[in-house]
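Participant: Pasted the sequence and its predicted model underneath.
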Amino acid sequence: MAIDIAEDQPVPISSLSRTAPPFFRPRMGSVTLAVTGALYLAAFTNRMFLTRAFAYFDSHLAFAAFILGLACLFAALIVSLSLKYVLKPVLVFLFVSAAAGSWFMDRFGTIIDVDMIRNAVQTTSSEAGHLLTPAFVLHMAVFGILPSLLVCWVKIEHRPFFGKVLWNSAAIVPLLLVALACGMSSARSIASVTRLHKDLMMTLNPFVPIGNAIGFAMATGEDETVVVKSLGTDARVIAPTSSGRPRVVVIVVGETARAGNFSLGGYGRDTNPELARRDITYFKETSSCGTATAVSVPCMFSNLTRRGYSHRAGLANENLLDVLGHAGVKTEWWDDNTGSKNVASRTAYHSFSDANDPRYCKDRECLDEGMVAALDGWLSTVKGDSVLVLHQMGSHGPAYSERYPTSFARFKPECRNAELGNCKTDEIVNAYDNTILYTDHILASVIDSLKARQDVIAPAMIYMSDHGESLGEHGLYLHGAPYVVAPSQQTHVPFVLWQGSELKTTTDPQCLSSRAAAPASHDNLFHTVLGMMSVRTSSYKPDLDVMASCRRVRDSSGVASARADF
């Protein structure tokens, strides 16, 4: 019997490739894809911008003209980049950037300016981990990765070069004309809204954040060439204490504590029970230099004031710790946060988060109690005038519940989730108030440690928070809003002063109480500390020392008298 072996023979691969159906890929012209991508960005990644614009415009017609004009500008810009090998990478980059920007803008009300980018770059991996939640990953997948995959799937039909120039121009010119017509038709309304509401254009996603990121990168490169200018090299301690004991000032730099939640300032909840039992002075109308750590911390230690401070100027000038060092005062910085922001570049520095002591730390995030526990040992080594800075973890969000031990969870129910969207407003406030309660305990413990050594030192403590925090007011969360549009919750900060018995005798208590009711700010820290340490320098300004007008002097017999100029 004959056997047909043809069916058993292998089929050539080349034959299969000719007969197999091709993988389906939709085709789209480059201009069509560019316009579609622009409309997607405008409509689906700009909720914060669209919401604010709708609220700010009185006329619906002016609002529609404004949005249509911007959409046309979006489209014209992307069409101009619709070149072969360029369009797809550009769209993928814009989609991913816009998805990330929309998450922080829409969820927290964040405005992504240069200072916010600097703050993000300087954060720690553990701190960033609280923001990179499963909900964030899902958001990025839906609004960034999925549209990017669709762009990669599409087969773009490109025209020859000269045809592309003509075709793109035929699209760009009408888009620009429509944008111009929209702008002119509602010019008065648009000018009025953008002038009165400077925050609006700051939220235009993704082009404004991308522009700010480029500005940050350029400034970072320039920072490397900064030469630090000396400050206060003429500083000297003009007189010892009457007892001869060394002056010791502990500066506690708070983190994210807002004055509105301090019962010392009138808050309805008792968040400061321990400080209320100490003999402290509370400056209830204090404003911060910035709304983010990267700005406020270097600014409060500089002599530049908020109006004169800039990131580059801060880098280019020595600060309070340098001036104290010139005067022979020992300085040291202890950090439980994300670093000193260059303030302690020229002084002794110790990071508690890097030490990661398991008694107080988990994954390099530590309770502030670790610094308090080490304070007694440090105080026992003090031989001369000294200033110690304690940089708190404080009330840093969004994981407020991780900033205090469970024994301080007085206000319940508390939000125990870094994803604030999963918590009710009351739960968020409860967790935040627990952080303030714990800070109250930390400050009282510092005071007690200093007070216990008054027989060998002349101590004092200053507490200032670097900035405040938004807890849902006006749809905002966390901090970092540009100062020009920042709400008071982010700029109104607590300021506490405690003096030991010896230094207290050098101050008129009634005068100081009166001064505490007047406005104060981060501008005062530099000069107030110099005054407390009895350091004279040409850099010192008595009018910015909150204690200068209340400071007494002693005559040769040691009797206190009215203040003379410092």
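Facilitator: Good, I have the coordinates.

Participant: gap between the two ends of stretch 371-387?
Facilitator: Using CA to CA, to the nearest Å, one end of stretch 371-387 lies 15 Å from the other.

Participant: Ok, stretch 329-341 next?
Facilitator: Stretch 329-341 has an end-to-end distance of 21 Å (CA to CA).

Participant: Return the mean pLDDT over it, rounded to an integer.
Facilitator: For stretch 329-341, the mean pLDDT works out to 96.

Participant: try stretch 39-49
Facilitator: 95.

Participant: where's that stretch relative to the chain centroid, distance-wise?
Facilitator: Distance of stretch 39-49 from its chain centroid, counting by CA atoms, centre = their mean, to the nearest Å, is 25 Å.

Participant: And stretch 317-327, by the same measure?
Facilitator: For stretch 317-327 - counting by CA atoms, centre = their mean - the centre lies 25 Å from the chain centre.

Participant: these two touch, right, Asp270 and Ser263?
Facilitator: Yes: using CB atoms under 8 Å, Asp270 is in contact with Ser263, at 5.1 Å. (Glycine included, C-beta is placed from N, CA and C.)

Participant: who touches both of these two?
Facilitator: Ala276 (CB atoms under 8 Å, 6 or more residues apart in numbering).

Participant: Give me the next element, helix or strand, following whichever strand or helix holds Ser514.
Facilitator: Applying DSSP states H and E as the criterion places Ser514 in helix 509-516. As assigned by DSSP H and E, the chain's next helix or strand after helix 509-516 is strand 520-521.

Participant: what's whichever helix or strand comes after that following strand packed up against?
Facilitator: Using DSSP H and E, the helix or strand that follows strand 520-521 in sequence is helix 523-532. Under the contact criterion of 3 or more CB pairs under 8 Å, 6 or more residues apart in numbering; DSSP states H and E, helix 523-532 touches strand 247-254, helix 320-326, strand 458-465.

Participant: Mind listing what's buried along the second one?
Facilitator: Think helix 320-326. For helix 320-326, a neighbour-count test (16 or more other CB atoms under 10 Å) marks 320-326 as buried.

Participant: With distance to Gly397 as extra columns, can I get the residues you listed in CSV?
Facilitator: Formatted as CSV, the buried residues of helix 320-326 follow (distance: CB to CB, whole Å):
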residue, distance to Gly397
Leu320, 28
Leu321, 28
Asp322, 32
Val323, 33
Leu324, 32
Gly325, 34
His326, 38
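
Participant: Mind putting those into JSON lines with pLDDT and distance to Ala313?
Facilitator: As requested, these are arranged in JSON lines below (pLDDT from 0 to 100; distance: CB to CB, whole Å):
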{"residue": "Leu320", "pLDDT": "98", "distance to Ala313": "15"}
{"residue": "Leu321", "pLDDT": "98", "distance to Ala313": "17"}
{"residue": "Asp322", "pLDDT": "98", "distance to Ala313": "15"}
{"residue": "Val323", "pLDDT": "98", "distance to Ala313": "16"}
{"residue": "Leu324", "pLDDT": "98", "distance to Ala313": "20"}
{"residue": "Gly325", "pLDDT": "98", "distance to Ala313": "20"}
{"residue": "His326", "pLDDT": "98", "distance to Ala313": "20"}
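
Participant: Return the member of the residues you listed nearest to Leu471.
Facilitator: Leu320 (31.0 Å; CB to CB).

Participant: Which residues lie in contact with the closest one in this structure?
Facilitator: Taking CB under 8 Å, 6+ apart as the criterion, Leu320 is in contact with 301-303, 525-526, 529-530.

Participant: go with 10 Å
Facilitator: Going by CB atoms under 10 Å, 6 or more residues apart in numbering, Leu320 touches 231-232, 251, 300-303, 331, 343, 387, 389, 525-530, 533, 535, 539.

Participant: pLDDT score for the closest residue to Leu73 other than its chain neighbours?
Facilitator: Distances taken as CB to CB, 6 or more residues apart in numbering put Ala179 closest to Leu73, at 5.0 Å, once the chain neighbours are dropped. If you check Ala179, the pLDDT there is 96.

Participant: Just the buried residues of the strand or helix carrying Ala179, please?
Facilitator: Using DSSP H and E, the element containing Ala179 is helix 161-185. For helix 161-185, burial by neighbour count (16+ other CB under 10 Å) applies to 164, 167-168, 171-172, 175-176, 178-179, 182-183, 185.

Participant: same check, this time on stretch 27-37
Facilitator: Buried residues in stretch 27-37 (16+ other CB under 10 Å): 30-37.

Participant: Out of the residues you listed, which is nearest to Tyr400?
Facilitator: Minimum distance to Tyr400 across those is 38.6 Å, recorded for Gly37 (CB to CB).

Participant: list the contacts for that closest one?
Facilitator: Shown in contact with Gly37 (CB under 10 Å, 6+ apart): 74-75, 78-79, 82, 87-88, 90-92, 94-95, 147, 150-151.

Participant: quick one, helices of the stretch 251-400 of the chain?
Facilitator: For the stretch 251-400 of the chain, the helices defined by DSSP state H, counting those that start in this stretch occupy 293-300, 305-308, 311-316, 320-326, 352-355, 369-379.

Participant: Next, the angle strand 458-465 makes with the last one.
Facilitator: With axes from the mean of the first three to the mean of the last three CA atoms, to 10 degrees defining the directions, helix 369-379 sits at 160 degrees from strand 458-465.

Participant: Also the first one?
Facilitator: When the same axes, to 10 degrees is applied, the directions of helix 293-300 and strand 458-465 differ by 140 degrees.

Participant: which secondary structure elements does helix 293-300 contact?
Facilitator: Contact here means 3 or more CB pairs under 10 Å, 6 or more residues apart in numbering; DSSP states H and E; on that basis helix 293-300 packs against helix 114-121, strand 247-254, helix 305-308, helix 311-316, strand 386-391, strand 458-465, helix 523-532.

Participant: now for the ones you listed, which one comes closest to Gly290?
Facilitator: Nearest of those (CB to CB): helix 114-121, 6.9 Å.

Participant: re earlier: let's have the helices and strands packed on helix 293-300 in a markdown table, adding distance to Ala444, mean pLDDT and mean neighbour count.
Facilitator: Shown next, in a markdown table, are the helices and strands packed on helix 293-300 (distance: least, CB to CB, whole Å; pLDDT from 0 to 100; neighbours: other CB atoms under 10 Å):
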| stretch | distance to Ala444 | mean pLDDT | mean neighbour count |
| --- | --- | --- | --- |
| helix 114-121 | 30 | 85 | 20 |
| strand 247-254 | 11 | 98 | 25 |
| helix 305-308 | 29 | 96 | 14 |
| helix 311-316 | 32 | 94 | 17 |
| strand 386-391 | 14 | 98 | 24 |
| strand 458-465 | 10 | 98 | 26 |
| helix 523-532 | 20 | 98 | 24 |
